[in-house]
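Engineer: predicted model follows, preceded by the sequence.
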Amino acid sequence: MQPDQKIFLHVDMDAFFAAIEQLDNPEYRRKPVVVGADPKGGSGRGVVSASSYEARKFGIHSAMPISEAYRRCPKAVFVYPRMGRYSEMSRTIMNILGEFSPLIEQISVDEAFMDCSGTERLFGPPRELGMNIKNEIRARTGLTASVGIASNKSIAKIASDLEKPDGLTICPFGREQEFLSPLPIEKLWGAGKKTVLYLNSLGFKKIGDIARVPCNEMEQRLGKWGIHLWQLARGIDERSISTDYPQKSISEEHTFGKDTSDSAVIEQTLLVLADQVARRTRKHAAKGRTVTLKIRLEGFETYTRSRTLPFPVSDTFTIRDTAIALFRNFDCGKKKVRLVGVKISNLTGSGEQPQLDLFDAASCDPDLGRKEKIEEILDSLRNQHGSHVKRASLLNDH
């Protein structure tokens, strides 16, 4: 290994939510555990958030309908998510990682990248470093982590998934392309299901199949994304650790107890979701420009519709009106609605001053100041008296 060799780690906790439930409840250990909605004896309407490795033997996985998970393993332990507990454990784990490197990029509640270049004198060579991190996490949390180590982020992430659970995989430095070549295309970080199916239809099965073709062929097939995948397939990834990881979006969803075609019920639900999203956005001292409607029909067909506003907002009124407009322009056909969601993205912090194209926010919406004042008063009341404080009406409070 060269003296200036970059050493990236990807640390990924094993079945994180389910593992915490098994840790906190010894009677759940070695049993299939499913974290998610109430299955209600097989008639539940939510989805699986996470599953233990014992549950995965029955084919249960995240985002699966909870009713299907129950059908596959009715004797599983079904528990409702405890996000506060998971966040608490996540903070402990990230603090442990911080003892091995100041360069940490947390990409979800249970995984993070680390740049440990130049730490050999402190923590030993890569394998010893990886084992030290794994052992420290286990000793202080009782949980296991899988670690991938490589010369760049992309390969480190791929490596961490190859020997789960409790794995440690190191890509030999200088042999990146050889390491990647026999792996299936879906292992590439960023290769989604549609991209994989498309490439498979063209005869590309392994990562090495992409690496062997000229770059311009991938560009012709997939544009700039094709170039990116070609580079990753050849072990090229120049991305560094980002220690600034602002929240990218804020969203809320609701699954109806029974599929519905009642537009009044759906719109009332969108109003409540918009209020929840707006309050969370203000809590983060942020505003967003893009509002997205998520709608899932019976049969689980899922669609999203988005609209980018001319100025950033955090008030319920604007988010609500935009979400409802998107819903009214969506053709459900004759199908009923199973789930709706509202998301705000393209976020800016309160200290940032985004530049508007033609008008300032006030000229775009002369009532914006009044709306924000109403939200400020409502937030104050909720902070004093609790979240049970509700609006008199969300339907026509213009």
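Structural biologist: On my side now, so go ahead.
Engineer: would you mark the buried spots in stretch 267-274?
Structural biologist: 267, 269-274 (16 or more other C-beta atoms under 10 Å). Bear in mind the C-beta positions are built from the backbone N, C-alpha and C, glycine included.
Engineer: then stretch 306-313?
Structural biologist: For stretch 306-313, by 16+ other C-beta under 10 Å, it's 309, 311-313.
Engineer: what of stretch 316-325?
Structural biologist: Applying 16+ other C-beta under 10 Å to stretch 316-325 flags 316-324 as buried.
Engineer: re the thing from before, possible to save the buried residues of stretch 267-274 as a markdown table with pLDDT?
Structural biologist: Shown next, in a markdown table, are these (pLDDT from 0 to 100):
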| residue | pLDDT |
| --- | --- |
| 267 | 95 |
| 269 | 95 |
| 270 | 96 |
| 271 | 93 |
| 272 | 92 |
| 273 | 95 |
| 274 | 94 |
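Engineer: rebuild the buried residues of stretch 316-325 as a markdown table, extending it with distance to residue 198 and pLDDT.
Structural biologist: Listed next are the buried residues of stretch 316-325 as a markdown table, based on distance: C-beta to C-beta, whole Å; pLDDT from 0 to 100:
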| residue | distance to residue 198 | pLDDT |
| --- | --- | --- |
| 316 | 40 | 90 |
| 317 | 42 | 89 |
| 318 | 38 | 92 |
| 319 | 35 | 95 |
| 320 | 38 | 94 |
| 321 | 37 | 94 |
| 322 | 33 | 96 |
| 323 | 32 | 96 |
| 324 | 35 | 96 |
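Engineer: about what we covered before: among the buried residues of stretch 306-313, which are in strands?
Structural biologist: 309, 311-313 (DSSP state E).
Engineer: any idea how far residue 206 is from residue 187?
Structural biologist: 9 Å (C-beta to C-beta, to the nearest Å).
Engineer: scratch that, residue 34
Structural biologist: 33 Å.
Engineer: over to residue 74?
Structural biologist: Taking C-beta to C-beta, one finds residue 74 at 39 Å from residue 206.
Engineer: and if you look at residue 295?
Structural biologist: In this view, residue 295 and residue 206 are 37 Å apart by C-beta to C-beta.
Engineer: between those two, who's got more neighbours?
Structural biologist: residue 295 (20 against 16; other C-beta atoms under 10 Å).
Engineer: which SS class is that one?
Structural biologist: strand (DSSP: H, G, I helix; E, B strand; the rest coil).
Engineer: just grab the bridge partners of it for me.
Structural biologist: Under DSSP bridges, the beta-bridge partners of residue 295 are residue 303, residue 340.
Engineer: is it true that it touches residue 337?
Structural biologist: Yes - with contacts counted by C-beta atoms under 8 Å, residue 295 reaches residue 337, the gap being 6.2 Å.
Engineer: for the buried residues of stretch 316-325, which one is nearest residue 96?
Structural biologist: residue 319 (37.7 Å; C-beta to C-beta).
Engineer: nearest residue to the closest one other than its sequence neighbours?
Structural biologist: Closest residue to residue 319 apart from its sequence neighbours, by C-beta to C-beta, 6 or more residues apart in numbering: residue 274 at 4.3 Å.
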